[in-house]
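>>> pasted the sequence and its predicted model underneath.
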Amino acid sequence: QDADAEKVARAVGNSLLVKTSWYGNDPNWGRLADAAGYARIGLKADTLDIYYNDTPAVIKGVPQDQHLETWKTIVSEPRFTVTINLNQGSGRYQLLSADLSEAYVDFNKSE
């Protein structure tokens, strides 16, 4: 199960759409859920919990939109935590990721 947790963490942490939303200070939990689905581990949307720091974004697949302004504040910080609980076992995995900076995009774009 740790392997499934690792797959999800890597799918989310390496997602260019997720990194782009973080760079834009956009707390787009849909991109997190979508990226988690790319791990292809049999994700069940109705059991999914997502948090920005300790603030719920999704609980059992239901968006917690009343926290939108708090999410925006959190993702505008230089560092924050995203927790995704699949509620499908006891596996755990922690991954450090980063957003896409203008310098990174500028360096890697074709000329």
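Nice, thanks for sending it over.
>>> give me the element residue 57 is part of.
Counting by DSSP states H and E, the element that carries residue 57 is strand 55-59.
>>> other SSEs contacting that strand?
Here strand 55-59 touches helix 29-37, strand 49-52, helix 68-75, going by 3 or more Cβ pairs under 8 Å, 6 or more residues apart in numbering; DSSP states H and E. Heads up, the C-betas are built off the backbone N, CA and C, glycines and all.
>>> run through who's touching it.
With contact meaning Cβ atoms under 8 Å, 6 or more residues apart in numbering, strand 55-59 is reached by 27, 29, 32-33, 48-51, 63-64, 67, 70-71, 74.
>>> I'd like the next helix or strand past it.
Where DSSP H and E defines the elements, the next helix or strand beyond strand 55-59 is strand 62-63.
>>> paired strands for that following strand, with orientation please.
Strand pairing for strand 62-63, using DSSP bridges, gives strand 55-59 (antiparallel).
>>> keeping just the C-alphas, turn the strand it pairs with into PDB.
This file holds the C-alpha atoms of strand 55-59, laid out as PDB (Å, rounded to 0.1, in the frame of the first residue of the first chain):
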ATOM      1  CA  THR A  55      -8.000  23.200   6.000                       C
ATOM      2  CA  PRO A  56     -10.200  20.700   4.200                       C
ATOM      3  CA  ALA A  57     -10.700  21.200   0.500                       C
ATOM      4  CA  VAL A  58     -12.600  17.900  -0.100                       C
ATOM      5  CA  ILE A  59     -14.100  15.500   2.400                       C
END
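>>> now find how far off-centre that strand is within its chain.
Between the centre of strand 55-59 and the centre of its chain there are 12 Å (Cα atoms, centre = their mean, to the nearest Å).
>>> repeat that for stretch 27-46.
Stretch 27-46 has its C-alpha centroid displaced from the chain centroid by 8 Å (Cα atoms, centre = their mean).
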